[in-house]
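K.L.:
Fold the following.
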Amino acid sequence: MFYRKVIAASLSGSIFAILFGLFVPYPNSPTSNLIWQYISSVLISIPVYLMYSFPFILIFGGITSLLSEIISRRMTKNQKAEFVVSGVLHLAFGSSFFLIFNPYAGLLSLAAAFLFFVTDRYLQNKRASYRLTQALMSLEIPIGVWILFMGLVYLQSLLTGF
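P.N.:
Numbering: from 1, shown residues only. Predicted coordinates:
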C-alpha cells in the first residue's frame with residue numbers, strides 16, 4: 001500500500017504541476033507576441049510549480065492518503081462506503097489549508113488532494129502488487145518532467161536570445 005502511495009504521488013504531482021502551469025502561467029515573459037508569451041510562461045512555470053509542490057504532495061499527501069485509507073477501512077466494511085469515506089477524508093485533509101494559510105492555497109491543496117485520490121484509486125483498481133523498485137522508479141517521472149520542461153526553457157532561451 002505504501003509503494004502505491006509513492007507511485008500515486010509521482011503521477012499526481014507531475015500532472016498537478018502541468019495542469020497548474022497551463023491554467024496559471026508565470027507572468028514574466030518579455031516577448032511581445034501573446035501566444036509566445038503564454039507558451040514561455042507555461043514552460044517556465046511548470047518546473048517551478050513541480051519543484052515546490054511535489055515534495056509536499058509526496059510527503060503530506062502520501063501520509064494523509066495512507067491515514068485516510070486506514071481510517072476508511074476500519075470505519076466501513078462496504079467497498080462503496082469505503083470509497084466515499086476515503087474520498088471525503090482526502091478532501092478534508094486537502095482543505096485543511098483553508099484554515100492554515102489562505103483560501104487560494106487551500107483551493108490548490110484541495111485540487112491536489114482530489115488528483116491524488118483519483119490517481120491512487122486508479123492504481124488500486126488495477127489490482128497490481130507494487131514493489132519498492134517500482135516506487136523508486138516512479139520518482140523518475142517528476143524528475144523527467146522537470147528536466148523536459150527545463151530543457152524546453154533552455155531551448156527557448158537559445159532561440160529567442162533571452
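K.L.:
Within its local environment, how many residues does the spatially closest residue to residue 117 that is not a sequence neighbour see?
P.N.:
The spatially closest residue to residue 117, leaving aside those adjacent along the chain, is residue 90, at 4.1 Å (C-beta to C-beta, 6 or more residues apart in numbering). Backbone N, C-alpha and C define where each C-beta goes, glycine included. Number of residues near residue 90 (other C-beta atoms under 10 Å) recorded here: 27.
K.L.:
Kindly report the same for residue 149.
P.N.:
Using other C-beta under 10 Å: residue 149 sits among 22 other residues.
K.L.:
Buried ones in the strand or helix carrying it, by neighbour count?
P.N.:
Here residue 149, judged by DSSP states H and E, is contained in helix 140-160. Buried residues in helix 140-160, counted by 16 or more other C-beta atoms under 10 Å: 141-142, 145-146, 149-150, 152-153, 156.
K.L.:
pretty sure residue 112 is in contact with residue 12, am I right?
P.N.:
Yes. Residue 112 lies in contact with residue 12 (C-beta atoms under 8 Å); the separation is 7.1 Å.
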